[in-house]
Every structure is written in structure tokens, then in C-alpha cells.
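1. the following comprises the amino acid sequence and a computationally predicted model.
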2 protein chains.
Amino acid sequence: MKSTVTTIDTKEQILNVAEQLFAEKGFAGTSLRNVIREAQVNIAAVHYHFGSKEELFVAVVRRAAQQIVTSQLEQLAKYENLDEPPSLEKILEAFYGPPLRAIIQMGETGLIRAQFMGRCRVEPSPIQQLSEKEFNESHRRFLDILQRALPNQTRTELTWKLDLAIAIIVRTVNQINQANSLIHKGSSEEVEIAISRLVKFVAQGMRNYE
Amino acid sequence: MKSTVTTIDTKEQILNVAEQLFAEKGFAGTSLRNVIREAQVNIAAVHYHFGSKEELFVAVVRRAAQQIVTSQLEQLAKYENLDEPPSLEKILEAFYGPPLRAIIQMGETGLIRAQFMGRCRVEPSPIQQLSEKEFNESHRRFLDILQRALPNQTRTELTWKLDLAIAIIVRTVNQINQANSLIHKGSSEEVEIAISRLVKFVAQGMRNYE
DNA sequence: GTCTATAATTCGATAGAC
DNA sequence: GTCTATCGAATTATAGAC
């Protein structure tokens, strides 16, 4: 079916360009004209495939979030059914490792995705809410297992610590390739070192309590 | 001089409303017409007092950043001329304490300021650069004294750790009053507890190295 | 599914009267 | 210093031909 292929290409082309521009300029700072110019498609194609600017944004969020969440939960599943809770370090490794490796492996596209996800967290209502919804289940399950690994800490305490852990990974991936950043786009060994240092940095802060 | 008083009121009124709208919607998401409607001033007044939308943004940044930087450097000055470097905890206390206390003391206005400063960090070029410039000297001096307190760590390592420390304080103040957040707008005792927990959280991660 | 053409708003900025 | 009026450009979205 030639027409189907063409459609998918057009849709994906729009999604890719929209993700990049939303990442760089935010929702309000990106116009559909910017998107269609770079994607080399017609303005009407956006409305035909997605309906509106906001629905286009939701589509971009869905695609990005699902990949991250799926890889995280895949790692987490190994631990959830064990009698013994895993160490805090293993949990953080399951949280940080998959998205970081995926982003690095994707190259330039990964950096765009990282920037996009970070921007979602500071978008005004209702854009931010649309994106956070995609992570709800993942965050709840990570909190559950954190609770088992750190039984002396309250749910509230673990919640703001996980929130800070997210802020840290978001900032880290957004600083990739910046001067003096923890990670520079490069070898997979460098990524593993960065992950272990991030895990160490955060684990120290999370374990501490009172 | 009545006219002077009126002028200052108009300028400050514009600054206050602009800070709130920039904080909520970002630079691109805020129109000058939104500002003048809420500030109840004339559209031409904005251009008369500030010149352009971008110059208005710079004026808002200046006012917000200078207050934070001044209070931080005031604390830091006590340590810079000592022979013995202060402990890591004391440095972080000087970094986190003054802005956090100021924001809490300002009430609703402080929350807006916090949101605004957080948003500056994710604005696209050249907006972000305009705001980071205001913090350059402060960050350099904090790095210098961190270097003395943690002589075993490289400048690069301390740089990304300070960057994460900033990401943490930014996220924390932006989550004030959210469910399960570390701080809820309230008593000054609660603020001091929050500061010490934040310091503890970050100090653990920063001290660790290799 | 893709295109052109255009409707209907909204934007930043300015000229000029007061 | 403040106002009205307005320009020129850009925006989202849609109608209708192909």
C-alpha cells in the first residue's frame, strides 16, 4: 500500500521535526509554520494527521515517554517479584540506566529527545500535565520498590527524593556536550561510568534520613 | 515629584506582572498584551519604559537575580578570607539558605520568583544566556571555595556537581506547596529544617568522588 | 491525502496628539 | 509620561479543489 507508507512518512516527519522544535523553543515558541517548513510538508497535513497543535504535542510526548517508561519498567520487573528488595543502587541503576543508554545510543536524536522531555516538565498547564500523566505508573512502581529498599523513610520523604532524582537526570541529559558536563556524547564506556557516578551521587543523598 | 512616583509605580507594576506571566507561560508564551491587560497600563508604556519585550525580560531577570546573588555572596564573604576553608556543609548552607529564606519570606511573590528563575534555565537562546550571565560571578566564587573544601576533586567534577546542586534547589523551590514536596509555605522553622535536609542530601553526593 | 487560498486573530512596535 | 490609532507581519485553523 503505497499511500499508507507515504502517510507514515509524513506523520513521522512531522513528529520528528515537531519534537526538535518543541525541545528548542517550547510549545508556545514553536509555530506550526516552523514545523511544516522544516518538515517540508503542507500546513494542512498537520491538521489532517493530528487535528491541532496541542494534539500534535501530545503525540510527540506519547512516543517519547513510552520508550523511556518501557525500558525502565523492563529493568524494574526483574526486581519487583523478588522476596528480597534490591539494593538502592540497583533501583537507581534501573531508573537511570535505560533512558541514558538509549539517549546516547540515539546520537543527535537522543539529545533532542532529552531536551524535549526536560522542557515538558516546565511547560505551563495543560501541557505539563499531559506529559506527566505518561509517567504516573512508572513513578508509582519505582516508589513502591524504593519503599521496600528504604523501609525507614516515609512515603513523603521518598517522593520528594525521587522527584529530585528525576530533576538530576533531566538536568544531566540536557547538559550533555556542554562544557564541564558529566557526559559527553561518546563511547558506551563513558556512559556506564557516568551512570555509576550519578547513581552514587543520588544514592548517598537518598539513603540519608531523619 | 508626583510624576516620578507615578512612573516608578507603573514600571514596578509592569515588572511584577511580567515576572508572573513569564514565570507561568515563558517568554514566548507571554504577550505584551497579556502583561498590560493585567497590569492595567497602556501598551505604549511598556515600550516607553523598557524599549522592547526582550529588554523587559532582562529587567525582570536583573531584579530577581541581583537579590539572590547579593544574599549568597554576603554569606560567602564570611568564608572567603579565612585561612581554613569552611566545611562543605557550610558552603552549601550559604548557597541554599539565603535564597530559600528570602523566597519563603516573600510569600506568594517568592513562589512566583522561584518559578521565574527556574524557567529562565530552560528558555531558548538568547533568553537563557541573558539570565545566566547574572549568576556568572557568584557561581565562579562558589566553585573557588568548593575547590578549597574538596581539594581532591577536579574543577570539572565540581562544576557538574554544582550544576546539579542548582538543579536541585530550582526544583525544590518550584515544588513548594505541591503534594509531597519538601517544603510547604509556612513557618520559618520548617524552612530551616528543609535547608538542613537539602544540604545533607547534596553534601553526601558532592563529597563522594573517584 | 495533499494542495492552495484565505478567513479570523493576535502579535510587537511606532507615530503623533495631548 | 500616557494615550489612541494603526501598521505590517505572523499566527492557528478551515474551506474546497484535485
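-> Great, that's in hand.
2. distance check, A:Ala179 against A:Arg148.
-> According to CB to CB, to the nearest Å, A:Ala179 and A:Arg148 sit 40 Å apart. Bear in mind the C-beta positions are built from the backbone N, C-alpha and C, glycine included.
3. whoops, A:Ile169 was the one
-> For A:Ile169, the distance to A:Arg148 - CB to CB - is 21 Å.
4. quick check: which ranges of chain A have low pLDDT?
-> A:1-8, A:210 (pLDDT under 70).
5. tell me the residues of chain A that contact DNA strand D?
-> Taking CB under 7 Å from any atom of the strand, the part of chain A that reaches DNA strand D is made up of A:30-34, A:43-44, A:47, A:52-54.
6. about what we covered before: A:Ala179 and A:Arg148 - which one has more neighbours?
-> The neighbour comparison of A:Ala179 against A:Arg148 (other CB atoms under 10 Å in any protein chain shown) goes to A:Arg148, with 14 against 9.
7. tell me the centre residue of chain A?
-> A:Met117 (4.9 Å; CA atoms, centre = their mean).
8. isn't that one up against A:Arg63?
-> No: the pair A:Met117 and A:Arg63 does not pass the contact test of CB atoms under 8 Å, sitting 11.2 Å apart.
9. please enumerate the helices of chain A.
-> In chain A, the helices defined using DSSP state H lie at A:2-29, A:32-39, A:43-50, A:53-80, A:88-105, A:108-120, A:127-132, A:136-149, A:155-174, A:188-207.
10. for B:Lys78, find the nearest of these.
-> helix A:188-207 (25.8 Å; CB to CB).
11. buried stuff in the closest one?
-> For helix A:188-207, the neighbour count (16 or more other CB atoms under 10 Å in any protein chain shown) marks A:191, A:194-206 as buried.
12. now those in a markdown table, with distance to chain B?
-> Shown next, in a markdown table, are the buried residues of helix A:188-207 (distance: CB to the nearest CB, whole Å):
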| residue | distance to chain B |
| --- | --- |
| A:Val191 | 15 |
| A:Ala194 | 10 |
| A:Ile195 | 14 |
| A:Ser196 | 10 |
| A:Arg197 | 8 |
| A:Leu198 | 9 |
| A:Val199 | 10 |
| A:Lys200 | 6 |
| A:Phe201 | 4 |
| A:Val202 | 6 |
| A:Ala203 | 8 |
| A:Gln204 | 3 |
| A:Gly205 | 4 |
| A:Met206 | 8 |
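13. on that earlier part again, top of the residues of chain A next to DNA strand D by neighbour count?
-> The residues of chain A next to DNA strand D, ranked by neighbours (other CB under 10 Å): first place A:Thr30, 22 neighbours.
14. please name the nearest non-neighbouring residue to it.
-> Once flanking residues are discounted, A:Thr30 sits nearest to A:Leu21: 4.4 Å by CB to CB, 6 or more residues apart in numbering or on different chains.
15. and A:Arg197, by the same measure?
-> Leaving out its chain neighbours, the residue that sits closest to A:Arg197 by CB to CB, 6+ apart is A:Leu182, at 6.8 Å.
16. so A:Leu82 versus A:Ile91, what's the distance?
-> As judged by CB to CB, A:Leu82 and A:Ile91 stand 12 Å apart.
17. now stretch A:21-40: buried residues?
-> Of the residues in stretch A:21-40, those buried (16+ other CB under 10 Å) are A:21-30, A:32, A:34-36, A:39.
18. taking those, tell me the two that lie furthest apart.
-> By the measure CB to CB, A:Ala28 and A:Ala39 form the most distant pair in the buried residues of stretch A:21-40, at 19.2 Å.
19. on that earlier part again, now, which of the buried residues of helix A:188-207 sits nearest A:Thr156?
-> The closest of these, once distances to A:Thr156 are taken by CB to CB, is A:Met206, at 13.7 Å.
20. in contact with that closest one, which residues?
-> A:88, A:92, A:146, A:150, A:158, A:161, A:165, B:201 (CB atoms under 8 Å, 6 or more residues apart in numbering or on different chains).
21. my guess is the last one contacts B:Ala165. True?
-> To tie it back to what came earlier, the one meant is B:Phe201. No: using CB under 8 Å as the test, B:Phe201 is too far from B:Ala165 to be in contact (9.7 Å).
22. common neighbours of those two, please.
-> By CB under 8 Å, 6+ apart, no residue touches both B:Phe201 and B:Ala165.
23. does stretch A:48-59 reach chain B?
-> No: under the criterion of CB under 8 Å from any CB of the partner chain, stretch A:48-59 makes no contact with chain B; the nearest approach is 12.7 Å.
24. how about that stretch: buried residues?
-> A:49-50, A:53, A:56-59.
25. can I get it in CSV? Just the C-alpha atoms.
-> Extracted C-alpha coordinates of stretch A:48-59, given in CSV (Å, rounded to 0.1, in the frame of the first residue of the first chain):
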residue,chain,number,x,y,z
TYR,A,48,-5.3,16.3,8.9
HIS,A,49,-3.0,13.9,10.8
PHE,A,50,-3.1,15.4,14.3
GLY,A,51,-6.1,17.7,14.5
SER,A,52,-4.4,20.7,16.2
LYS,A,53,-1.2,22.0,17.6
GLU,A,54,-1.9,20.7,21.1
GLU,A,55,-2.8,17.2,19.8
LEU,A,56,0.5,17.2,17.9
PHE,A,57,2.3,17.9,21.1
VAL,A,58,0.5,15.0,22.8
ALA,A,59,1.5,12.7,20.1
